[in-house]
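Q: fold the following for me, if possible:
(one chain, ligands or ions: 1)
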Amino acid sequence: MKTISVTCAIIKFDDKTLAVQRSKAMKLPLKWEFAGGKIEAGETETDCIHREIFEELNIQIELLQRLTPVIHEYPGFKIKLIPFIAKFVSGELQLKEHTDFILADKEELPNLDWAEADLPILKEYLSL
Ligand SMILES: Nc1nc2c([nH]c(=O)n2[C@H]2C[C@H](O)[C@@H](COP(=O)(O)OP(=O)(O)OP(=O)(O)O)O2)c(=O)[nH]1
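A: You can find the predicted model right below:
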């Protein structure tokens, strides 16, 4: 099965962390995730994450740290999910694709119904 490469950003707003909820119309409906998306042809990981965050959330971020990529097989497709910790820099947060968001304390994050591929990323983030 072909592996799709996807970047995502764990965006910090001071001591809060942003998580976003996929819409009913998307794959993995209503699951929580870190905003991001597929790497396009010829694009670097970091170009991709800045582009996706601006497209999906209308904000600019600064990348702080790359975490460990996760390879996960869902029924029918397989992804390599490449996570970055980032901080909010500028812009007004607007949800262009997602149905909801939360600015959560780190300890609250495990209570959300996460996309499965995000679970190891969440674990690594919480251990830092
Ligand atoms: N952006 C993002 N995608 C994630 C995360 N966790 C996770 O399993 N995914 C999956 C969901 C999607 O199948 C894929 C990312 O693709 P995407 O958000 O650009 O596009 P999509 O699949 O919703 O769009 P499409 O194929 O229906 O056109 O990776 C995550 O934390 N962030």
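Q: buried stuff in the helix or strand in which Gln60 is found?
A: Using DSSP states H and E, the element containing Gln60 is strand 59-66. Buried residues in strand 59-66, counting neighbours by 16 or more other CB atoms under 10 Å, are found at 59, 61, 63. Using the backbone N, CA and C atoms, a C-beta is placed for each residue, glycine as well.
Q: show me which of those residues neighbour the ligand.
A: Checked against the ligand using CB under 6 Å from any ligand atom, the buried residues of strand 59-66 yield no neighbours at all.
Q: from those residues, pick the one nearest Thr99.
A: When the buried residues of strand 59-66 are compared for distance to Thr99, the smallest value, 17.7 Å, is given by Ile59; criterion: CB to CB.
Q: doesn't Ala86 make contact with that closest one?
A: No - under the criterion of CB atoms under 8 Å, Ile59 is not in contact with Ala86, lying 9.9 Å apart.
Q: mutual contacts of those two, please.
A: Taking CB atoms under 8 Å, 6 or more residues apart in numbering as the contact criterion, the common neighbours of Ile59 and Ala86 are 11, 53.
Q: skipping its backbone neighbours, what lies nearest Lys16 in space?
A: With sequence-adjacent residues excluded and distances taken as CB to CB, 6 or more residues apart in numbering, Lys16 is closest to Leu103, at 4.0 Å.
Q: mind pulling the model confidence for the one you found?
A: pLDDT, the model's per-residue confidence, is 98 for Leu103.
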